[in-house]
Every structure is written in C-alpha cells, then in structure tokens.
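K.L.:
Everything below, folded, please.
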Amino acid sequence: MMQLFYATTSAYVRKVMVTAHCLGVVDEIELLDSAAHPIERDERIARFNPLAKVPALRTEDGLCLYDSRVICEYLIARANGDLLPSCGDARWITLSRQALGDGLIDAALLARYEFSARPAEKQWQGWADGQLKKVSAALAEIERKVSAFSTQPDDLGLIAIGCALGYLDFRFDALNWRAGHPQTAVWFAVFDAHPAMASTRPHM
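P.N.:
Next comes the predicted model:
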C-alpha cells in the first residue's frame with residue numbers, strides 16, 4: 001500500500017484525500033499519524049519529506065512524494081483519472097484554480113501561525129492583516145468566477161478551492177466569508193455535500 005503522513009486539520013491533506021476518494025484509490029492508502037508544526041519538527045514526517053510537512057506520501061516502490069500538488073498529480077496519473085486535463089486551455093484553467101485555492105490556504109495558514117505559533121511579544125498584527133487581505137482577494141476572485149464552476153469535485157482546481165473554503169470554516173469562522181460572497185456560498189453548500197468532501201472535513 002501507499003503510505004501517507006496525515007493530519008485531520010490540514011487542508012492540503014484533505015485535498016489529497018478528496019482526490020483519492022474521487023479516483024477510487026483511498027483504500028490503497030495507509031494513513032500515518034503525524035504532528036506537523038511550523039516550529040516543532042516531526043522527524044517521522046521527515047523520513048518521507050525533508051521539510052517535515054504534510055502531506056507526504058511513499059509509494060509501494062519507495063518513492064517519496066510531496067507536496068499536495070505532486071501527490072495529487074501522481075494519484076491522477078496512477079488511476080488514469082481525469083481530474084486534471086492533459087492539455088489545452090482546460091489544463092491551465094484547472095492549474096490556475098488550484099493555485100488560487102492553495103494560495104488562499106497559504107495566506108490563511110500564515111495568519112493563523114502568527115498568533116498560534118509565535119510568542120505574544122513577537123506577534124505582528126500588520127503581518128496577519130496582510131495575509132487576510134490575500135484571503136479577501138482570493139474570495140473575491142472565486143466569487144467572480146464561481147458561476148462557471150462544476151458543483152461536483154471533478155476538477156483538481158475546484159477540489160483545492162473547496163478545501164480552502166472548508167479551512168476557513170474550520171479556523172476562521174469569525175470571518176463569516178459567506179456574507180460577502182453569496183454565489184460562492186451557494187456553490188459550496190452543494191460542493192461540500194459530495195461524499196468525498198463530507199467524509200474529509202477537518203476536525204480536531
């Protein structure tokens with residue numbers, strides 16, 4: 001079996017698991033406990049990924065893969081799936097959607113780490129505010145484009161965006177992102193109800 005260092009709170013791990021569910025390969029993955037942290041290094045993860053970040057996957061042949069983008073592409077190729085178009089404008093649209101979703105997650109993580117991982121005397125509100133501006137800009141871009149989105153997780157870029165929105169629900173409930181993005185809220189209500197999304201929602 002493949003082995004995956006896993007965390008129930010990670011939006012990037014969720015992206016991999018949603019992809020695996022959609023491709024029908026989730027039963028081929030053994031989930032390994034981890035304690036990824038931006039400061040306290042988990043050496044177990046480092047056996048697969050020198051950066052000690054999740055997700056990190058090892059194939060049956062011993063090939064170690066990281067990060068979520070690489071792992072998802074590997075799973076798609078392995079299953080001969082169609083979550084990532086092979087060529088043409090459709091491919092670049094999917095990859096750009098993935099970059100938007102991943103960028104939203106990155107900014108939200110950095111804002112959270114400023115207060116959850118940094119000592120109080122070293123915290124910088126301006127840094128966190130700058131990251132949350134990126135979150136707001138990403139949400140505005142999603143709202144502009146959401147009318148063209150499928151309501152099914154049949155596109156790797158949409159999976160990334162869905163996992164990003166789920167992370168905001170999990171860690172930034174006070175943002176109330178739905179209030180200013182009504183079309184995105186309607187789309188996400190359907191998208192997040194898909195079994196692949198519902199079964200991978202983050203939790204402590």
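K.L.:
tell me the domain boundaries of this structure?
P.N.:
2-79, 88-198 (automatic domain parsing).
K.L.:
Other residues contacting the lowest-mean-pLDDT helix or strand in the chain?
P.N.:
One helix or strand of the chain scores below all others by mean pLDDT, DSSP states H and E: helix 43-46, with a mean of 87. Helix 43-46 is contacted by residues 5, 32, 33, 34, 36, 52, 53, 54, 56 when judged by C-beta atoms under 8 Å, 6 or more residues apart in numbering. C-betas here are computed from N, CA, C, even on glycine.
K.L.:
Throw the domains of the chain into a markdown table and include mean neighbour count and distance to residue 204, thanks.
P.N.:
Shown next, in a markdown table, are the domains of the chain (neighbours: other C-beta atoms under 10 Å; distance: least, C-beta to C-beta, whole Å):
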| stretch | mean neighbour count | distance to residue 204 |
| --- | --- | --- |
| domain 2-79 | 19 | 7 |
| domain 88-198 | 17 | 9 |
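K.L.:
Would you mind putting the CA coordinates of the host helix or strand of residue 160 into PDB?
P.N.:
Assessed by DSSP states H and E, residue 160 sits inside helix 156-171. Extracted as PDB, the C-alpha positions of helix 156-171 are listed here (Å, rounded to 0.1, in the frame of the first residue of the first chain):
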ATOM      1  CA  LEU A 156      -8.400  19.300  -9.100                       C
ATOM      2  CA  GLY A 157      -8.600  23.100  -9.100                       C
ATOM      3  CA  LEU A 158     -12.100  23.100  -7.700                       C
ATOM      4  CA  ILE A 159     -11.100  20.500  -5.100                       C
ATOM      5  CA  ALA A 160      -8.300  22.900  -3.900                       C
ATOM      6  CA  ILE A 161     -10.800  25.800  -3.700                       C
ATOM      7  CA  GLY A 162     -13.300  23.700  -1.900                       C
ATOM      8  CA  CYS A 163     -10.700  22.600   0.700                       C
ATOM      9  CA  ALA A 164      -9.600  26.200   1.100                       C
ATOM     10  CA  LEU A 165     -13.200  27.300   1.900                       C
ATOM     11  CA  GLY A 166     -13.500  24.400   4.300                       C
ATOM     12  CA  TYR A 167     -10.400  25.500   6.100                       C
ATOM     13  CA  LEU A 168     -11.800  29.000   6.500                       C
ATOM     14  CA  ASP A 169     -14.900  27.400   8.100                       C
ATOM     15  CA  PHE A 170     -12.700  25.400  10.400                       C
ATOM     16  CA  ARG A 171     -10.100  28.000  11.500                       C
END
